[in-house]
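Enquirer: I need the structure of the sequence given here:
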Amino acid sequence: MKEISLHILDIVQNSVSAGASTVHIAVEEDSILDLISVKITDDGRGMDSETVQRVTDPFYTTRTTRKVGLGLPLMKSTAIDCGGSFAIDSAPGHGTIVSASWRRSHIDTPPLGDMVATMLTILLGDETVDFLYKHSVDDKEFEFESREMKEALDGMSFQEIEVYDWLKGFISEGEASLNTEI
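Expert: Sure, this is the predicted structure:
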């Protein structure tokens, strides 16, 4: 994947497929530690230890529509090859935590990518799931909870054009406030 945001989208889709009702997405950019870190936590059905061991094998997948699963293996490979780290913590009935980091200055570290489009895709993908998003760049921070947005909308869908336009503007302003050019 050419952007870290696409890894985030893939992991969140896995969380939703695993029956998560809440997904936390944390992105941290730290210029002092020279890291971009991503942590996605869900309350889905989780995985047993054998599955956790196998899930980063590109020839293992639980999907029936294809015989390979490349999302997690590519994320792990890219993170480690770029001087970062990768970990999965999961247990049946307790959800899953996927954490990865990339050395910012490494020549092969992919860009973070379009987090506005990624978050809009996530929010519109399944409105029954609550998403908590936090993006920090050094000492600046932007965060929101979809649950609060849903309550304020009083039954209106994120897919209604006025709501979509507002969401896009809100997330765009939040991301712009981080001035991600460190």
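Enquirer: my guess is I88 contacts V55. True?
Expert: Yes: checked against Cβ atoms under 8 Å, the pair I88 and V55 is within contact range at 6.6 Å. All C-beta atoms are positioned from the backbone trio N, CA, C, and that covers glycine.
Enquirer: shared neighbours, these two?
Expert: Here I88 and V55 share the contacting residues 47, 72, scored by Cβ atoms under 8 Å, 6 or more residues apart in numbering.
Enquirer: for the protein, which segments count as helices?
Expert: Taking DSSP state H, the helices of the chain run over residues 4-17, 49-54, 71-81, 115-125, 146-153, 161-176.
Enquirer: so which bits of the second one are buried?
Expert: So the one you mean is helix 49-54. V52 (16 or more other Cβ atoms under 10 Å).
Enquirer: chain center to that helix: distance?
Expert: Distance, stretch centre to chain centre, for helix 49-54: 21 Å (Cα atoms, centre = their mean, to the nearest Å).
Enquirer: which strands and helices lie in contact with that helix?
Expert: In this structure, helix 49-54 makes packing contacts with strand 85-90, judged by 3 or more Cβ pairs under 8 Å, 6 or more residues apart in numbering; DSSP states H and E.
Enquirer: wait, what's in contact with G19?
Expert: G19 neighbours (Cβ under 8 Å, 6+ apart): 44-45.
Enquirer: okay, now the unreliable bits of the chain?
Expert: Counting by pLDDT under 70, the ranges of the chain that qualify are 1, 58-70, 180-182.
Enquirer: before we move on, the earlier item: V137 is nearest to which of the helices of the chain?
Expert: helix 161-176 (9.6 Å; Cβ to Cβ).
Enquirer: how close does the residue nearest to D30 when sequence neighbours are not counted get to L33?
Expert: Nearest residue to D30 in three dimensions, chain neighbours excluded: D138, at 6.5 Å (Cβ to Cβ, 6 or more residues apart in numbering). Plainly put, D138 is 10 Å away from L33 if you go by Cβ to Cβ, to the nearest Å.
Enquirer: and for T22?
Expert: Going from T22 to L33 by Cβ to Cβ gives 28 Å.
Enquirer: endpoint to endpoint, stretch 150-169 covers what distance?
Expert: End-to-end distance of stretch 150-169 (Cα to Cα, to the nearest Å): 16 Å.
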